[in-house]
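In: Return atomic coordinates for the entry below.
(2 chains)
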There are 2 protein chains.
Amino acid sequence: MSAAESPPHRITVLAGGIGGARFLRGLLIAAGPDSEITVVGNTGDDIWIHGLRVCPDLDTVMYTLGGGISEARGWGREDETFTVKDELARYDLEPSWFGLGDRDIATHLVRTQMLNGGYPLSAVTEALCARWQPGVRLLPMSDDRAETHVVIDDPDGARDTTGDPLRRAIHFQEWWVRYRAEPCAHDFVLVGAPDARPGPGVIDAIEQADVVLLPPSNPVVSIGTILQVPGIVDALRRTSAPVVGISPIIGGRPVRGMADACLAAIGVAVDAGAVARHYGARRALIPAGAPADGLLDGWLVDTSDADAISAVQALGIACHAVPLWMSDLDTTVTIAQAALDVADDVRQGS
Amino acid sequence: MSAAESPPHRITVLAGGIGGARFLRGLLIAAGPDSEITVVGNTGDDIWIHGLRVCPDLDTVMYTLGGGISEARGWGREDETFTVKDELARYDLEPSWFGLGDRDIATHLVRTQMLNGGYPLSAVTEALCARWQPGVRLLPMSDDRAETHVVIDDPDGARDTTGDPLRRAIHFQEWWVRYRAEPCAHDFVLVGAPDARPGPGVIDAIEQADVVLLPPSNPVVSIGTILQVPGIVDALRRTSAPVVGISPIIGGRPVRGMADACLAAIGVAVDAGAVARHYGARRALIPAGAPADGLLDGWLVDTSDADAISAVQALGIACHAVPLWMSDLDTTVTIAQAALDVADDVRQGS
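Out: Alright, predicted model coming up:
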């Protein structure tokens, strides 16, 4: 590899939970020790449970990169116990559908105490990371409270006076965890979004990056949520860095989780090419006359989705196919390297 | 036993932690199922730890009578684990000297969430007792925050400009748990006492009782704290019920805990008779010309302290000697029965 092909130095990643965290493991190796990786984490999944502030996606990134994650579950702590949860159940405390582990609760106690003491979430996250040393700078997308709610038909079957199902907006976690994303999602609403400001360092991290990556996180409720924080889309469109995404859909199915249920709600097909079209082309390769209101300069699809490449390229997005199943660390490193290579290609072509 | 000697119906007990809770176990049996026992619990030991509201004495009474106490320690939960505590230590979270168990934390999470939601401590305590069914009505001495602080010489040896040790007031729990009551206590101050109001039902429970008992709890930082809530002493002096105490000192040593360190601070000898003198005579047996500014109608001392009886009686306080070591439940029942018998004697003598 020549000096011109050396890895970019400043890498900024917009990340959700499990998929983003696993991708970051590979990226840390692919990018090498001279890179500075900043992660803008989704906080739209955050929730108050039993008076504790829980930030599932930030914690998944922190635990995964810090060596504390449950590898089997992909979230929560390894060797976890649930004594507190069992005791809370003895008090009939609701909600009972969100299970906090004992080790995990310590994290939430530290966070809650700091938040109640007046520290912003970004400072709290930095303090927690002082223990976990994730090897990346982990920034909440916003210090302001903005939580994803899901519009569904009333789960108990209530109907309005005309006989139509009554619609209710429930917290994302209730839809995802309690109802396993089964009730049809009519819409996702990030409550608080209009007043949410990007977290400290977020806009700079995007604007001053050498590369911006969108890992195979949920395009609706993870990355889509981050994009709803006012100012972040503008920064992504303004940055001189190539923006490269990795498809979270392989062969018409989500890599992980229930992204299909989320894409349906916003009218996007569960298809690697359709997700690229949803994000849209940014500018680097934009063909003359095509609209330039999107975010992507590059897009990686799985080798099984290679037939989508030409359509994505026609949008003005560089597109390559590589194996995208993050089945082990080596594969994940290869995926991350491929994303950095696409970014190099885009930079040299622009 | 004749009808005239049948046990009193409404019994009100001012209680601290372990000593009070164990006494109550015996009292529940001695008093029988037709009695209504109200416990006014000390909340001067309460503390915020890691953002959780901890009420050690209320919980000790609740767990002891509800079957959840650690019999070995006398406080905290049976079969307790300390996963959260160990994790908090990994975050270097202070204070590290106060160890909350996992089961116990569930109680504090319920309490904290209810308090932060606007419920008074009395309502929270009632809700917690719905699970534990302690068999008594457990009332916090006050819903207002009033916490015992201890004036000591600076533990790091700091001195003022004249070379005298610098005095500091630390929370009772820090003195008791962290420093094991070793630094000489110059004074105890119930911070917040002037503004604390008796908890709902407390004054009525005292005024409308058939018997008021002071179990062998710490006379300074347990019962003495309850007595500092404005209005409680007046109610004790106004009630038509006999007020009978059980000595927490046997043979010049505390039954349990470090009451000797507390008594020294307020200039009271560690002696069963001296504690009776500290509480003072109420009125029932008051000799002509003696001051009537105390609280006791009756006092139980251990058989080994029988030589104190005449001096206590000379104060105008009925006094009997029975074995006071609560070594098992049967003995404790006997002690409680003896206290009720003294109350009967006082009532019939007055």
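
In: contacting residues for the closest residue to chain B within the stretch 101-250 of chain A?
Out: Nearest to chain B in the stretch 101-250 of chain A, going by C-beta to the nearest C-beta, is residue A:106, at a distance of 3.3 Å. In short, each C-beta sits where N, CA and C put it, glycine included. Contacts for residue A:106 (C-beta atoms under 8 Å, 6 or more residues apart in numbering or on different chains) come out as B:83-84, B:87-88, B:90-91.

In: what do you get for residue A:77?
Out: Shown in contact with residue A:77 (C-beta under 8 Å, 6+ apart): A:63, A:68-70, A:101, A:103-104.

In: Quick check, residue A:158 in contact with residue A:166.
Out: Yes. Using C-beta atoms under 8 Å, residue A:158 is in contact with residue A:166, at 4.3 Å.

In: Determine the longest helix present in chain A.
Out: In chain A, with assignment by DSSP state H, the single longest helix is helix A:329-349.

In: So which elements touch it?
Out: When contacts are defined as 3 or more C-beta pairs under 8 Å, 6 or more residues apart in numbering or on different chains; DSSP states H and E, helix A:329-349 packs onto helix A:18-31, strand A:211-214, strand A:243-246, strand A:298-301, strand A:318-321.

In: To chain B, which of these lies closest?
Out: helix A:18-31 (19.7 Å).

In: Just checking: what are the partner strands of the helix or strand following the closest one?
Out: Reading on from helix A:18-31 to the C-terminus, the next helix or strand found by DSSP states H and E is strand A:36-41. Using DSSP bridges, strand A:36-41 pairs in its sheet with strand A:10-15 (parallel), strand A:137-140 (parallel).

In: how far is strand A:36-41 from where the chain is centred?
Out: Remark: strand A:36-41 is offset 11 Å from the chain centroid, using C-alpha atoms, centre = their mean, to the nearest Å.

In: now that strand against helix A:18-31, angle please.
Out: 170 degrees (axes from the mean of the first three to the mean of the last three C-alpha atoms, to 10 degrees).

In: Return the list of strands paired to the following helix or strand past strand A:36-41, each annotated with direction.
Out: Following strand A:36-41 in sequence order, the next helix or strand is strand A:47-49 (DSSP H and E). Strand pairing for strand A:47-49, using DSSP bridges, gives strand A:52-54 (antiparallel).

In: List the contacts of the strand it pairs with.
Out: With contacts defined as C-beta under 8 Å, 6+ apart, strand A:52-54 is touched by A:46-48, A:98, A:100, A:105, A:108-109, A:111-112, A:115, B:109.

In: Flag the least confident of these.
Out: In terms of pLDDT, residue A:98 ranks lowest among those, with 91.

In: That one and residue A:56 touch, don't they?
Out: No. In terms of C-beta under 8 Å, residue A:98 does not count as a neighbour of residue A:56; the distance is 9.7 Å.

In: Look at the two and report which has more neighbours.
Out: Under the criterion of other C-beta atoms under 10 Å in any protein chain shown, the comparison of residue A:98 against residue A:56 puts residue A:56 first, with 24 against 18.

In: Which residues are in contact with the more buried one?
Out: Residue A:56 touches A:17, A:45-47, A:75, A:173, counting by C-beta under 8 Å, 6+ apart.

In: now residue A:198
Out: Residue A:198 touches A:141-142, A:229-232, A:235, counting by C-beta under 8 Å, 6+ apart.

In: if we can go back for a sec, which of the contacts of strand A:52-54 has the most neighbours?
Out: Neighbour count (other C-beta under 10 Å) singles out residue A:105 as the most crowded of the contacts of strand A:52-54, with 29 neighbours.

In: Past the helix or strand harbouring that residue, which element shows up next along the chain?
Out: Using DSSP H and E, the element containing residue A:105 is helix A:102-116. For helix A:102-116, the following helix or strand on the C-terminal side (DSSP H and E) is helix A:121-132.

In: what about the stretch 1-150 of chain A, any weak spots by pLDDT?
Out: A:1-8 (pLDDT under 70).

In: Pick out the residue in the stretch 251-350 of chain A sitting closest to chain B.
Out: Here the residue of the stretch 251-350 of chain A nearest chain B is residue A:329; by C-beta to the nearest C-beta that distance is 25.1 Å.

In: how long is stretch A:198-214 end to end?
Out: Start to finish, the residues bounding stretch A:198-214 are 17 Å apart (C-alpha to C-alpha, to the nearest Å).

In: any idea of the mean pLDDT for that stretch?
Out: What stretch A:198-214 shows for mean pLDDT is 97.

In: and it, which residues are buried?
Out: For stretch A:198-214, the neighbour count (16 or more other C-beta atoms under 10 Å in any protein chain shown) marks A:198-203, A:205-207, A:209-214 as buried.

In: Return the residues in contact with residue A:250.
Out: For residue A:250, the contacting residues are A:272, A:302, A:304-305, A:324-325, by C-beta under 8 Å, 6+ apart.

In: could you redo the last one with a cut-off of 10 Å?
Out: Neighbouring residues of residue A:250 by C-beta atoms under 10 Å, 6 or more residues apart in numbering or on different chains: A:216, A:256, A:272, A:301-305, A:323-325.

In: Now, these that are in helices?
Out: Residues of these located in helices (DSSP H): residue A:272.

In: Just checking, which of the contacts of residue A:250 comes out lowest on pLDDT?
Out: residue A:256 (78).

In: Might you report the residue contacts of it?
Out: Counting by C-beta under 10 Å, 6+ apart, residue A:256 touches A:17-19, A:22, A:74, A:216-218, A:248, A:250, A:325-326.

In: just residue A:279 next, same as before
Out: Going by C-beta under 10 Å, 6+ apart, the list of residues near residue A:279 reads A:214, A:219, A:223-224, A:227, A:236, A:243, A:245, A:268, A:294-296, A:299, A:315, A:317.

In: Nearest to residue A:336, out of the buried residues of stretch A:198-214: which one, please.
Out: Residue A:336 has its nearest neighbour among the buried residues of stretch A:198-214 in residue A:213, at 8.1 Å by C-beta to C-beta.

In: Was I right to think that closest one contacts residue A:26?
Out: No. Using C-beta atoms under 10 Å, residue A:213 is not in contact with residue A:26, being 11.0 Å away.

In: Name the residues contacting each of the two.
Out: By C-beta under 10 Å, 6+ apart, residue A:213 and residue A:26 have these common neighbours: A:336, A:339.

In: all strands for the stretch 51-200 of chain A, in order.
Out: Here the stretch 51-200 of chain A has its strands, by DSSP state E, counting those that start in this stretch, at A:52-54, A:137-140, A:147-153, A:167-171, A:187-191.
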